[in-house]
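*Asks:* quick one, fold the following:
(one chain, ligands or ions: 1)
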Amino acid sequence: MSNAFTQFPGLSGKIVLNTGAASGIGLAMAHAFASQGANLMLLDLDAQGLASVKSEFEIAYPGIIVDTFVGSIRDPIAIDDAVQSAVARFGRLDVLLNNAGISMNKPSLEVTPDEWRRTIDIDLSGTFFCCQSAARQMIKNGGGVILATASMWGVASSARRAAYCAAKAGVVSLCKSLAVEWAQHNIRVNAICPGYIQTSLVAELLNRGALDEESLRQRTPLGRLGTPEEIAQTALYLSSDLARFVTGHAMVVDGGWTANGY
Ligand SMILES: NC(=O)c1ccc[n+]([C@@H]2O[C@H](COP(=O)([O-])OP(=O)(O)OC[C@H]3O[C@@H](n4cnc5c(N)ncnc54)[C@H](O)[C@@H]3O)[C@@H](O)[C@H]2O)c1
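*Replies:* Reported below is the predicted structural model:
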């Protein structure tokens, strides 16, 4: 996978904190930034997944340093610890990839208070606390880049996804607000809004019949699901010097789904 990514200017040697890095889009982002020569602090709940990613990366990318932090973005103290671990290990923090998240696909009349709060806590509040903790450090460094993996469901809406749509629309709005507030600190903040991407999150929804793959393909103008690497390439561009005038943007990467009014 290391050769599959375009080289982007300004990423070699950067220190990247990547949440939800043990699988799916976050793992593809870890490969993408490693392929640029960035050093990584990978955060996830999944200790075993992180350990195997670390071993794999030490062989695949001998020129970089990869460290891991096991914790939940639901816990602001753990987030601060992860940022401080990155600073202790690498001396600074340049890029935050807010990628950890969960889905919530269920009729709204059946959503429990715990399910509602968990979705908002992880997908929206967790993202905010990561941004806040990282930005405190980035301001000391003289700037940085923050991205959030929102969703096309942050700019469009759908039945059975009220908590997820509300959380991801919140993430899009949060990114725009922080972009305006932190531009003075040379911190750019952007959201990526993926459509349906082939990861375990979507596989779980397909397996339990909450989604139908053929209908997804037919509804998508480009006729297929996206790959995690296609989202990772977008993260590289938005983090790189090529995007130095891009901030407060929500970039949809969905094969045309949200443009399709049909
Ligand atoms: N797959 C898609 O089609 C799709 C589409 C739009 C947006 N997204 C978003 O992309 C992001 C990644 O999704 P994915 O499809 O790669 O899912 P995934 O389930 O494959 O990976 C998510 C990772 O996040 C970790 N994680 C979950 N909760 C966490 C927490 N509280 N703290 C730390 N780590 C946690 C998981 O352990 C897992 O490794 C999510 O924010 C998701 O909402 C995915």
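
*Asks:* where exactly do the helices run in the stretch 1-150 of the chain?
*Replies:* Secondary structure of the stretch 1-150 of the chain (DSSP state H, counting those that start in this stretch): helices located at 24-35, 47-60, 76-90, 113-119, 126-141.

*Asks:* which one of the ones you listed lies nearest to Tyr196?
*Replies:* Each of the helices of the stretch 1-150 of the chain has some distance to Tyr196 by Cβ to Cβ; the shortest is helix 24-35, at 11.8 Å. No exception for glycine: its C-beta is placed from N, CA and C like everyone else's.

*Asks:* tilt between that closest one and helix 47-60?
*Replies:* Angle of helix 24-35 versus helix 47-60, following axes from the mean of the first three to the mean of the last three Cα atoms, to 10 degrees, is 30 degrees.

*Asks:* return the residues of the stretch 151-262 of the chain in contact with the ligand.
*Replies:* Contacts of the stretch 151-262 of the chain with the ligand, taken as Cβ under 6 Å from any ligand atom, map to 151, 194, 196-197, 199-202.

*Asks:* spatially, which two of these are the most separated?
*Replies:* So, these by Cβ to Cβ: farthest apart are Ser151 and Ser200, at 15.7 Å.

*Asks:* what average pLDDT does stretch 103-121 get?
*Replies:* Regarding stretch 103-121, the rounded mean pLDDT is 97.

*Asks:* ok, now which ones touch the residue nearest the centre of the chain?
*Replies:* Closest residue to the average C-alpha location of the chain: Asn99 at 2.2 Å, with Cα atoms, centre = their mean. Asn99 makes contact with 18-21, 25-26, 29, 148-149, according to Cβ atoms under 8 Å, 6 or more residues apart in numbering.

*Asks:* coming back round to it: ok, Ser151 and Ser200, which is more surrounded?
*Replies:* Ser151 (28 against 10; other Cβ atoms under 10 Å).

*Asks:* name the nearest residue to the more buried one, sequence neighbours excluded.
*Replies:* Lys168 (4.2 Å; Cβ to Cβ, 6 or more residues apart in numbering).

*Asks:* Gly255 now?
*Replies:* Leaving aside its chain neighbours, Gly255 sits nearest to Leu222 (3.6 Å; criterion: Cβ to Cβ, 6+ apart).

*Asks:* assumed the one you found was part of a strand.
*Replies:* No. Counting by DSSP: H, G, I helix; E, B strand; the rest coil, Leu222 is not part of a strand but coil.

*Asks:* how near is the residue in the stretch 51-200 of the chain that the ligand sits nearest to to Gly223?
*Replies:* Closest approach of the stretch 51-200 of the chain to the ligand (Cβ to the nearest ligand atom) occurs at Gly101, with a separation of 2.2 Å. Using Cβ to Cβ, to the nearest Å, one obtains 26 Å as the distance from Gly101 to Gly223.

*Asks:* who has more neighbours out of these two?
*Replies:* Ranked by neighbour count (other Cβ under 10 Å), Gly101 and Gly223 place Gly101 first, with 27 against 11.

*Asks:* can you pull the poorly scored residue ranges out of this structure?
*Replies:* Low-confidence segments of the chain, defined by pLDDT under 70: 1-3.

*Asks:* longest helix anywhere in it?
*Replies:* Of all the elements of type helix in the chain, the one with the most residues (DSSP state H) is helix 162-182.

*Asks:* which other helices and strands does that one contact?
*Replies:* Counting contacts by 3 or more Cβ pairs under 8 Å, 6 or more residues apart in numbering; DSSP states H and E, helix 162-182 packs against helix 113-119, helix 126-141, strand 144-149, strand 187-194, strand 250-253.

*Asks:* quick revisit: quick one, phi/psi of the residue nearest to Gly255?
*Replies:* phi -80, psi 0 (degrees, to the nearest 10).
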